[in-house]
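**Q** Please find the sequence and the predicted model below.
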Amino acid sequence: MTKKWALREKISDDLEKQLLFYRGIKTEEEAEKFFNPDYERDLRDPFDFSVMEKITNRIAEAIEKNDFTILPESTVVKGFIRNYAQYLGLPPENVLAVFRRDFRENKKGQIIPRGMVEPLSEKGFYWTPKLTLILFFSILIIGFGFFFFKQYLSFSSAPPLEVSSPLEGQTYKDKIVVTGKTDKDATVKINGTLISITENGNFNEEIVLPQGENVVVVETSNRKGQKRVIERKIKVE
């Protein structure tokens, strides 16, 4: 694709005059105002812009007081701001850029100041030392609560009991080994005989039973006398 370059109009070999021309300054009077501005002479009173025919007094007062509740949609407001900037002799695009920076438009087209409304409707999350203390004490309280609840269950209910051997209906030819697990503070009896358990609550006991069908009764109990019993029917040949 071939690019085409268009040269801007040249009016003088004097670089200063040419640059002024590009800025829209074509007369000596305009150049004098540009290089030696007199703000009292050249700038208008910003508080007197309500005399403009395109802006009513009600709209003008609202803009001066930052009251955007009675203003029309943002498109109309931007038009007012553009006219106001031109009235004061300011670059309209620069003034509108400041407006877009400080205000936003909601879904209804209304003007909403940034930093005043957004934090109320869209709160951000920030981690603070206060939240750290709250989290720490919350974890501490939950931990203590879980510990006491577990202790309560251990004292208010029968101890757990698992019997991994013998299995229901199993057939043996000689000695039988009874293995399983319970609470480390519980006591275990096999067919009424007290046996020892390890520090972890495991037990492994060898018993002798007569030939024929037998029932192996494993019983565990805690200090309050609460018991749990498992029975296994086996056969000895």
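**A** Arrived safely.
**Q** domain parsing for this protein?
**A** The chain breaks down into these domains under automatic domain parsing: 43-121, 125-156, 161-236.
**Q** Low-confidence ranges, this structure, go.
**A** Counting by pLDDT under 70, the low-confidence segments of the chain come to 1-8, 39-60, 63-64, 66-73, 108-125, 153-156.
**Q** what about the longest helix in it?
**A** helix 129-156 (DSSP state H).
**Q** Off-centre distance for that helix?
**A** The gap between the average C-alpha position of helix 129-156 and the chain average comes to 25 Å, counting by C-alpha atoms, centre = their mean, to the nearest Å.
**Q** next SSE after it?
**A** Using DSSP states H and E, the next helix or strand after helix 129-156 towards the C-terminus is strand 161-165.
**Q** mind listing what's buried in that next one?
**A** By 16 or more other C-beta atoms under 10 Å, the buried positions in strand 161-165 come out as 161, 163. In this view, the C-beta of every residue, glycine as well, is placed from N, C-alpha and C.
**Q** circling back to that earlier point, which among the domains of the chain is found nearest to residue 31?
**A** Closest to residue 31 of the domains of the chain, according to C-beta to C-beta: domain 43-121, at 15.5 Å.
**Q** Pairing partners for the helix or strand encompassing residue 230, with directions?
**A** Residue 230 belongs to strand 227-236 when assigned by DSSP H and E. The pairing partners recorded for strand 227-236 under DSSP bridges are strand 171-172 (parallel), strand 212-221 (antiparallel).
**Q** which residue packs closest to residue 185, ignoring adjacent ones?
**A** residue 222 (6.8 Å; C-beta to C-beta, 6 or more residues apart in numbering).
**Q** my bad, residue 91
**A** The spatially closest residue to residue 91, leaving aside those adjacent along the chain, is residue 85, at 6.8 Å (C-beta to C-beta, 6+ apart).
**Q** swap in residue 203?
**A** Nearest-residue entry for residue 203: residue 197, 4.5 Å, with adjacent residues in sequence omitted and distances by C-beta to C-beta, 6+ apart.
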